[in-house]
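> just a sequence and a predicted model for now, questions to come.
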Amino acid sequence: MKIQKNDNVIVLSGKDKGKTGKVLKALPKEGKVIVEGVRIAKKHQKKTAQGGAGQIIEKAMPVDVSNVALIDPKTKKATRIGYKVEGGKKVRIAKASGQTL
């Protein structure tokens, strides 16, 4: 999976199309990512045994990695990701501008 934690991404499809955010967590086995402020679900939580009040929690749900694209740091638009070997190390590059990520 080419998208990693702390990458800035844009949502390409779904009800949150066009929104941008930072990847909070990558789930490579499932092929999903959790993006900050995208696909928010409301979860009803019961009160605790000690008498605390119940509440509604907003939780970010996973988005399929095919529905997001990395934002190019140079052009600020969606781009694909490639790899290049620099100084014996494999680094990620933005396909649109060729800039190292």
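That came through fine. Numbers count the residues shown, from 1 in each chain.
> strands of this structure, start to end?
In the chain, the strands defined using DSSP state E lie at 8-11, 20-27, 32-35, 40-45, 55-60, 63-64, 68-71, 78-79, 81-86, 89-94.
> for the fifth one, list every residue counted as buried.
Meaning strand 55-60. Using 16 or more other C-beta atoms under 10 Å as the test for burial, strand 55-60 gives A60. For every residue, glycine as well, the C-beta is placed using N, CA and C.
> contacts for that strand next, please.
24, 34-45 (C-beta atoms under 8 Å, 6 or more residues apart in numbering).
> could the strands of the chain be laid out in TSV, adding distance to L101 and mean pLDDT?
Converted to TSV, these look like this (distance: least, C-beta to C-beta, whole Å; pLDDT from 0 to 100):
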stretch	distance to L101	mean pLDDT
strand 8-11	10	93
strand 20-27	12	93
strand 32-35	15	94
strand 40-45	27	92
strand 55-60	23	91
strand 63-64	20	94
strand 68-71	7	92
strand 78-79	9	92
strand 81-86	7	91
strand 89-94	4	90
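> mind checking the ones you listed for the one nearest to K2?
strand 81-86 (4.3 Å; C-beta to C-beta).
> for the closest one, name the packing helices and strands.
Applying 3 or more C-beta pairs under 8 Å, 6 or more residues apart in numbering; DSSP states H and E, we find strand 81-86 packed against strand 89-94.
> what sits up against the strand it packs on?
By C-beta under 8 Å, 6+ apart, the list of residues contacting strand 89-94 reads 2, 70, 72-74, 79-85, 99-101.
> switch to 10 Å and redo it
2-4, 7, 70-75, 77-86, 99-101 (C-beta atoms under 10 Å, 6 or more residues apart in numbering).
> thanks a lot, see you next time.
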